[in-house]
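>>> One predicted model, sequence on top.
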Amino acid sequence: VLSAQEKDTERLVAVLDRLGRMSVEDYYNPYRMFEWPDTLPTDELWMSRDLLSVYNTPFMDQLSEEQLIRLARWESVNFYSLNVHGIRELLIEVVNRIHLPGFEIPSDFFHHFVGEENEHMWFFAEFCKRYGGKMYHFPRLKSATKVPEGADVENFLVFARILIFEEMVDYYNSRMADDESLHDTIRAINRIHHKDESRHIAFGRELVSLLYARMKERRSAEELRAIGAYVQEYVTFSLHSFYSLEAYDDAGIEDPIAFRKTLTADPARVEAERQVARKPTAFFHKLGLFEKAAA
Ligand SMILES: [Fe+2]
Ligand SMILES: [Fe+2]
């Protein structure tokens, strides 16, 4: 009879086998994949209306259509900048573990993952530079939550953060890939990324479940509560990174700090944020991590 962990490992091997084959079949040349027009139309939205950080708030009426278009332009530069920074950070962590003991099973898949993410990082940076003329800064979480030290916790948190990041980005990607009002280049970037990420997310869920099971065996309820609180904090931090001071500034918003404060405190945004974080939140609840955090 197999233990729960052995069963999880068997499952991971099967999933990796399938995802690895899909990576090979779906392989594409990113440098030939997209059409990059010299400019994108400046009289239409570059981001879906319902993904704007002002959506569902009084600012939707207070700002003119012209101002919304300008905001959408810089919020899309923020979105792709967040991708570039997020990918770089996750690549560092995955590359560090690619041939480390304990990661023998996903090692092959990590090679696909690293290759694909490098390409994503390239096309997102390309978008920022071509159409924004710049990339925004990388927001860093300055966490007040103390988590226990140890490789088990570190490994779990690295892949939990990657999963949260990929799930949230995917929410935006899926929406923009489907949005017929957006320019073809914008839709294509989001569509291609969504396709690759569906594999990464499927893999991430399996790996994070396994790392959680390993960590749980060695940690007290109190330690797990602290870890849950940190993950929750990371979700909130990630949601707030979509309210970009730099984007507000470039969009011509008079007082970006006050603007951001008003938006993040608006109850209408809570529902929007709940949607963006719905999948990772449900996942961590199911795992048992968030119940513990709430207890
Ligand atoms: Fe990616
Ligand atoms: Fe990914």
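Done, it's in. Ligands and ions are numbered 1, 2, ... in the order given.

>>> can we go C-alpha only for contacts and neighbour counts from here?
Will do.

>>> what about the helices in this structure?
4-25, 30-33, 59-62, 65-97, 107-127, 151-178, 184-218, 221-240, 245-250, 256-265, 267-276, 278-287, 289-294 (DSSP state H).

>>> Looking at the ones you listed, which is nearest to residue 139?
helix 65-97 (8.3 Å; CA to CA).

>>> distance of the nearest residue to residue 162 once chain neighbours are set aside from residue 113?
Computed as CA to CA, 6 or more residues apart in numbering, the closest residue to residue 162 that is not its neighbour in sequence is residue 90, at 6.3 Å. Counting by CA to CA, to the nearest Å, the gap from residue 90 to residue 113 is 10 Å.

>>> how deep is the nearest residue to residue 113 once chain neighbours are set aside tucked in, by neighbour count?
Nearest residue to residue 113, sequence neighbours excluded (CA to CA, 6+ apart): residue 200, at 7.2 Å. Neighbourhood size, residue 200 [other CA atoms under 10 Å]: 23.

>>> do residue 141 as well
12.

>>> Tell me who's in contact with it.
Applying CA atoms under 8 Å, 6 or more residues apart in numbering to residue 141 gives the contacts 234, 237.

>>> 7 Å instead?
Contacts for residue 141 (CA atoms under 7 Å, 6 or more residues apart in numbering) come out as residue 237.

>>> do you know how far it is from residue 240?
For residue 141 relative to residue 240 (CA to CA), the value is 11 Å.

>>> Equivalent analysis for residue 255, please.
Applying CA to CA, the value for residue 255 to residue 240 is 17 Å.

>>> for residue 185, same thing?
26 Å.

>>> With residue 7 instead?
37 Å.

>>> Just want to know which of the two has more residues nearby.
Taking neighbours as other CA under 10 Å, residue 7 and residue 240 compare with residue 240 leading, 16 against 13.

>>> Setting aside sequence neighbours, what's the nearest residue to that one?
residue 264 (7.4 Å).

>>> residues near that neighbour, how many?
Counted with other CA under 10 Å, residue 264 comes out at 17.

>>> same check, this time on residue 36
Neighbours of residue 36 (other CA under 10 Å): 15.

>>> The nearest residue to residue 55 once chain neighbours are set aside and ligand 2, how far apart?
Sequence neighbours aside, residue 49 is the residue nearest to residue 55 in space, at 7.0 Å (criterion: CA to CA, 6+ apart). Distance, residue 49 to ligand 2, by CA to the ion, to the nearest Å: 25 Å.

>>> give the contact list for the residue of the stretch 1-150 of the chain found nearest ligand 2.
Taking CA to the ion as the measure, the point where the stretch 1-150 of the chain comes nearest ligand 2 is residue 117, at 5.9 Å. Contacts for residue 117 (CA under 7 Å, 6+ apart) come out as residue 87.

>>> and it, what pLDDT?
Per-residue confidence (pLDDT) for residue 117: 97.

>>> ditto for residue 292
For residue 292, the pLDDT comes out at 47.

>>> With residue 144 instead?
For residue 144, the predicted pLDDT is 83.

>>> Then residue 141?
89.

>>> Where does pLDDT dip in the chain?
292-295 (pLDDT under 70).

>>> Could you rerun that using 80?
In the predicted model of the chain, residues 1-2, 5, 291-295 satisfy pLDDT under 80.

>>> if we can go back for a sec, okay, the helices of the chain in JSON lines with distance to residue 43 next?
Formatted as JSON lines, these follow (distance: least, CA to CA, whole Å):
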{"stretch": "helix 4-25", "distance to residue 43": "37"}
{"stretch": "helix 30-33", "distance to residue 43": "26"}
{"stretch": "helix 59-62", "distance to residue 43": "17"}
{"stretch": "helix 65-97", "distance to residue 43": "7"}
{"stretch": "helix 107-127", "distance to residue 43": "18"}
{"stretch": "helix 151-178", "distance to residue 43": "18"}
{"stretch": "helix 184-218", "distance to residue 43": "15"}
{"stretch": "helix 221-240", "distance to residue 43": "27"}
{"stretch": "helix 245-250", "distance to residue 43": "16"}
{"stretch": "helix 256-265", "distance to residue 43": "23"}
{"stretch": "helix 267-276", "distance to residue 43": "26"}
{"stretch": "helix 278-287", "distance to residue 43": "32"}
{"stretch": "helix 289-294", "distance to residue 43": "43"}
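
>>> Nice, that's everything, thank you.
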